[in-house]
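Engineer: Sharing a model that was predicted from the sequence below.
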Amino acid sequence: MLLRILGTAAGGGIPQWNCACPGCTGARHHPSRRRLHDGLALQPADSGAWFLANATPDIAEQLESHPGLRPDAGQERTPVVRIVLTDAELDHTLGLLRLREASRIDIWCTEPVRKALTTRLALNEVLAPYTTLNWYDLPLAGAEHPAEMGGLDVSAIPLSAKRPRYAADEPAHPAWSTALKISDRATGKTALYASALATWNDRLDDEIADADCVLIDGTFLTDDEPYRTGFSQRTASAMGHLPIEGPHGTALRLQGSGGQILYTHLNNSNPLVDPDDPAHERLAGLGLGVAADRMVVSL
């Protein structure tokens, strides 16, 4: 199984168009520090077919950045795009509009996510003149039958009832935001993709212990980062993202995990967007790393 990392930035990307913080300014002066919106492409070991985990506003550039995701030789167009969604946030779904040139888009997601996208954003009606959307249920982990996607089995681990702002008045549901458990049937390898993490639960501990690779929420380095940098008046955890460092940070929970652990979904205020920041060495000392755009992980 190949995990092609399409992007590693939180909302707005790095640099963000309306921001001159140190992270954004550094990315403007050093193009290697630029990060596209967090996203992932998956390819089973026994198939050339690929699937997307989320569809970001940067989707066209992201697909073009990986030769393996471009149309095959002798094929003028990519006819079908297959996507599994972790949530209904705009940063993870606006790319669906950009993919309207496909003859068909197959989408796997949980029930509240589908409802938000089809009623609040009216994607079926907006995209009907351009392409066909096929919706499939994304089963929760532990269900008898996970979603079969090529040679992959994919299921969702509920993480949070946090709704997108445009659907803030929708009913509560534990699967508004989920992690993806991805298993390759040919190799038995498993990956876990959790780009937003508001709380920690015992199920997550078990899944991380069993995973060969974990891509996990690294939005903020410390809990006070949002208000210390002027980004927000709230803490990281109050915004729905567990911080990396600190007594309740995810780094302490993740150190010593058997698989490869990579942080993704970095906010522009996060010191980790600077490759020379000492935080990289501290994480490396715990056996943890930071994902990079266009990185490929082979499992």
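Structural biologist: Happy to help now that I have it. The structure presented is a predicted model; accordingly, all values stated were derived computationally and were not measured.
Engineer: Pretty sure residue 98 sits against residue 62.
Structural biologist: No - in this structure residue 98 lies outside contact range of residue 62 using C-beta atoms under 8 Å: 10.1 Å. To be clear about C-beta, it is placed using only N, CA and C from the backbone, and glycine gets the same treatment.
Engineer: Tell me which of those two has more neighbours.
Structural biologist: residue 62 (25 against 15; other C-beta atoms under 10 Å).
Engineer: Could you check how far the more buried one is from residue 15?
Structural biologist: 17 Å (C-beta to C-beta, to the nearest Å).
Engineer: Who are the contact partners of the closest residue to residue 184 other than its chain neighbours?
Structural biologist: For residue 184, ignoring the flanking residues on the chain, the nearest one in space by C-beta to C-beta, 6 or more residues apart in numbering is residue 1 at 4.0 Å. Neighbour list for residue 1: 42, 43, 44, 45, 152, 182, 184, 187, 189, 191, 298, 299 [criterion: C-beta atoms under 8 Å, 6 or more residues apart in numbering].
Engineer: Spatially nearest residue to the second one (excluding sequence neighbours)?
Structural biologist: Closest residue in space to residue 43, ignoring its immediate chain neighbours: residue 2 at 4.3 Å, by C-beta to C-beta, 6+ apart.
Engineer: same question, the last one
Structural biologist: Nearest non-adjacent residue to residue 299, counting by C-beta to C-beta, 6+ apart: residue 189, 3.9 Å away.
Engineer: next one: residue 263
Structural biologist: Going by C-beta to C-beta, 6+ apart, residue 263 has residue 218 as its nearest residue, at 2.9 Å.
Engineer: Surely the one you found is in contact with residue 273?
Structural biologist: No - counting by C-beta under 8 Å, residue 218 sits too far from residue 273 to count as a contact (10.1 Å).
Engineer: Same drill for those two, tell me which one is more crowded.
Structural biologist: A count of neighbours by other C-beta under 10 Å puts residue 218 above the other of residue 218 and residue 273, at 30 against 25.
Engineer: What distance do you get for the more buried one to residue 206?
Structural biologist: Residue 218 is 21 Å from residue 206, by C-beta to C-beta.
Engineer: quick revisit: what residues are up against the residue nearest to residue 299?
Structural biologist: Contacts of residue 189 by C-beta under 8 Å, 6+ apart are 1, 45, 183, 212, 213, 299.
Engineer: pLDDT score assigned to the first one?
Structural biologist: It stands for residue 1. If you check residue 1, the pLDDT there is 96.
Engineer: Pull up the gap between it and residue 150, please.
Structural biologist: 10 Å.
Engineer: any residues in contact with both of the two?
Structural biologist: What both residue 1 and residue 150 touch, as defined by C-beta under 8 Å, 6+ apart, is the set residue 44.
Engineer: Check which helix or strand residue 5 maps to.
Structural biologist: Assigned by DSSP states H and E, residue 5 belongs to strand 2-7.
Engineer: just checking, what packs against that strand?
Structural biologist: In terms of contacts (3 or more C-beta pairs under 8 Å, 6 or more residues apart in numbering; DSSP states H and E), strand 2-7 is packed against strand 39-43, helix 59-64, strand 213-217, strand 296-298.
Engineer: between these, which one is nearest to residue 255?
Structural biologist: Relative to residue 255, the nearest member of the helices and strands packed on strand 2-7 by C-beta to C-beta is strand 213-217, separated by 12.3 Å.
Engineer: Check the contacts of residue 189 and tell me the two furthest apart.
Structural biologist: Pairwise over those, using C-beta to C-beta, the maximum falls at 45 and 213, 13.6 Å.
Engineer: Can you give me the end-to-end span of stretch 156-167?
Structural biologist: 20 Å (C-alpha to C-alpha, to the nearest Å).
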